[in-house]
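Undergrad: Quick one: sequence and predicted model below, then my questions.
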Amino acid sequence: MSELILAIESSCDETAAAVVQDGRKVLSNIISSQIPIHQRYGGVVPEIASRNHVLQLPGVIDRALAEANCTFLDLAAIAVTYGPGLVGALLTGVSAAKALAAARHLPLIGVNHIHGHIAANYIAHEQLAPPFVCLVASGGHSHIVYVKNYTEFEILGRTRDDAAGEAFDKIARVLGLGYPGGPKLEKLAQEGNPDAISFPRVNFGTTSYDFSFSGVKTAVINYVHKEEQAGRDICKADLAASFQQAVVEALVSHTFAAAEEKGCKVVTLAGGVSANGALRQAFSLAADVSNITVYYPPLILCTDNAAMIGCAGYYMYKQGNFADNRLNAVPNLKL
Ligand code: KG4
Ligand code: ZN
């Protein structure tokens with residue numbers, strides 16, 4: 001018999017619900033983005049995000065069930081993101097999931113958002129199975145993860161300061177591109193020369209795969225100030241392309257070095273930044289050179305969504321790893 005999981009995701013500025021069958025088949029994937037609401041502030045305003053989740057969640061959940069052509073009676077469990085993320089935003093999803101699970105006598109599953117991003121690739125690639133190395137690059141995280149099995153992970157490298165997506169967002173703001181910064185910066189970079197300006201790449205020695213993106217961010221800001229003071233025009237497209245290349249190179253080189261050390265022949269890419277075309281291309285090139293198979297999710301599963309939470313939740317469901325009504329939001333939850 002097939003098992004359906006209703007999943008809820010509200011960790012940042014997307015209100016999302018999905019119904020996933022047997023972990024990997026997505027029957028519905030509803031995402032209500034708050035981008036137009038936060039755009040005028042130049043970034044996500046946590047309190048506004050929480051209030052909008054409260055408004056949107058009931059309708060989004062109803063649509064997820066309707067589109068999957070099922071009711072609560074058909075469900076095996078309810079999965080919800082309980083961290084990491086914005087505490088108020090997480091609480092809205094956790095409260096909704098707890099109330100629905102209690103009212104419908106369904107098991108509740110608390111899912112780590114990063115685990116969800118990793119699971120996005122299972123949905124898109126049915127042959128994919130652990131172990132593999134995954135780069136999770138999003139607005140809040142840049143982790144190189146060794147995925148031992150469906151529920152166990154080892155962190156091989158992480159950022160010591162800004163996350164990759166955060167660096168994209170900050171530089172986009174410096175260039176006056178607005179929010180959300182990543183996709184806008186990528187678009188501008190397509191018109192620029194990635195070799196025009198040399199920005200620093202940081203390595204912490206041969207034994208560490210950690211990242212640092214605050215150095216390249218400061219270098220870009222200093223470059224802008226210097227050029228402005230000298231009265232020279234800045235080619236924003238060249239700047240965007242050169243910055244993007246510095247970030248992409250670090251992400252690719254550290255991930256493939258970590259995969260090599262682990263003797264891993266499969267590498268996956270996940271999280272919002274995995275929507276970036278230059279990063280996907282660089283991953284494919286590096287994979288060809290090192291004879292590694294690389295997977296990335298389709299664009300809709302790169303950024304925040306509930307289908308990935310349903311997939312991750314399914315593997316916890318199979319282990320009987322359930323939460324109870326004391327489940328709480330954990331904003332700084334570790335993988
Ligand atoms: O995974 P996600 O939706 O939310 C978090 O869990 O943080 O990732 C959002 C991040 C943002 O920083 C956004 O600027 C970045 O992913 N992003 C991109 C692109 N699309 C989204 N960064 C670079 N290029 C893109 N095309
Ligand atoms: Zn995310």
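TA: Looks like it came in fine. Numbering: from 1, shown residues only. Ligands and ions are numbered 1, 2, ... in the order given.
Undergrad: For this structure, give me the ranges with low pLDDT.
TA: Judged by pLDDT under 70, the chain has no weakly predicted residues.
Undergrad: need the residues of it near ligand 1, please.
TA: Contacts of the chain with ligand 1, taken as CB under 6 Å from any ligand atom, map to 12, 138-140, 165-166, 168-169, 180-183, 186, 271-273, 275-276, 303-304. C-betas here are computed from N, CA, C, even on glycine.
Undergrad: how does it look with 5 Å?
TA: Within reach of ligand 1 by CB under 5 Å from any ligand atom, the chain has these residues: 138-140, 165, 168-169, 180-183, 186, 271-273, 275-276, 303-304.
Undergrad: Quick check: Asp324 touching Pro107?
TA: No: the criterion here is CB atoms under 8 Å, and Asp324 misses it with Pro107 at 9.6 Å.
Undergrad: Go through the helix ranked longest in the chain and flag the buried ones.
TA: If each helix of the chain is counted by residues according to DSSP state H, the longest one is helix 236-262. For helix 236-262, the buried set under the neighbour-count rule, 16 or more other CB atoms under 10 Å, comprises 236-252, 254-259, 262.
Undergrad: which residues are in contact with the next helix or strand along the chain from that helix?
TA: Once helix 236-262 ends, the next helix or strand along the chain (criterion: DSSP states H and E) is strand 266-270. Outside strand 266-270, the residues within contact range by CB atoms under 8 Å, 6 or more residues apart in numbering are 117-118, 120-121, 128, 131-137, 147, 255-256, 259, 279-280, 283, 287, 292-297, 302.
Undergrad: Output the very next helix or strand once past strand 266-270 as CSV, nothing but the C-alphas.
TA: Scanning forward in sequence from strand 266-270, with DSSP H and E defining helices and strands, the next element found is helix 277-290. As requested, C-alpha coordinates have been extracted for helix 277-290 and formatted as CSV (Å, rounded to 0.1, in the frame of the first residue of the first chain):
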residue,chain,number,x,y,z
GLY,A,277,23.6,28.1,-13.9
ALA,A,278,27.3,28.9,-13.6
LEU,A,279,27.6,26.7,-10.5
ARG,A,280,25.7,23.8,-12.2
GLN,A,281,28.0,24.2,-15.3
ALA,A,282,31.2,24.2,-13.1
PHE,A,283,30.0,21.2,-11.3
SER,A,284,29.4,19.3,-14.5
LEU,A,285,32.8,20.2,-15.8
ALA,A,286,34.6,19.2,-12.6
ALA,A,287,32.5,15.9,-12.6
ASP,A,288,33.7,15.1,-16.1
VAL,A,289,37.3,15.7,-15.3
SER,A,290,37.2,13.5,-12.1
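Undergrad: between helix 277-290 and strand 266-270, how many degrees?
TA: For helix 277-290 against strand 266-270, the angle between stretch directions is 170 degrees (axes from the mean of the first three to the mean of the last three CA atoms, to 10 degrees).
Undergrad: How about helix 277-290, which residues are buried there?
TA: Using 16+ other CB under 10 Å as the burial criterion, the residues of helix 277-290 that qualify are 278-280, 282-283, 286-287.
Undergrad: now for it, which elements pack on it?
TA: Under the contact criterion of 3 or more CB pairs under 8 Å, 6 or more residues apart in numbering; DSSP states H and E, the helices and strands touching helix 277-290 comprise helix 181-189, helix 236-262, strand 266-270, strand 293-295.
Undergrad: Show me the one of those that comes nearest ligand 2.
TA: Among those, the nearest to ligand 2 by CB to the ion is strand 266-270 (8.9 Å).
Undergrad: Please compute how far that closest one lies from its chain's middle.
TA: The chain centroid and the centroid of strand 266-270 are separated by 13 Å under CA atoms, centre = their mean, to the nearest Å.
Undergrad: Contact residues of this protein facing ligand 2?
TA: In this structure, the chain approaches ligand 2 at residues 138, 304, judged by CB under 5 Å from the ion.
Undergrad: so who does the one residue in the stretch 1-150 of the chain that gets nearest to ligand 2 touch?
TA: Nearest to ligand 2 in the stretch 1-150 of the chain, going by CB to the ion, is Ser138, at a distance of 4.4 Å. Ser138 is in contact with 117, 163-165, 271-273, counting by CB under 8 Å, 6+ apart.
Undergrad: Dump those into a markdown table; add distance to Arg201 and neighbour count as well.
TA: Shown next, in a markdown table, are the contacts of Ser138 (distance: CB to CB, whole Å; neighbours: other CB atoms under 10 Å):
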| residue | distance to Arg201 | neighbour count |
| --- | --- | --- |
| His117 | 24 | 32 |
| Ala163 | 17 | 23 |
| Ala164 | 13 | 28 |
| Gly165 | 18 | 26 |
| Gly271 | 20 | 29 |
| Gly272 | 22 | 25 |
| Val273 | 17 | 28 |
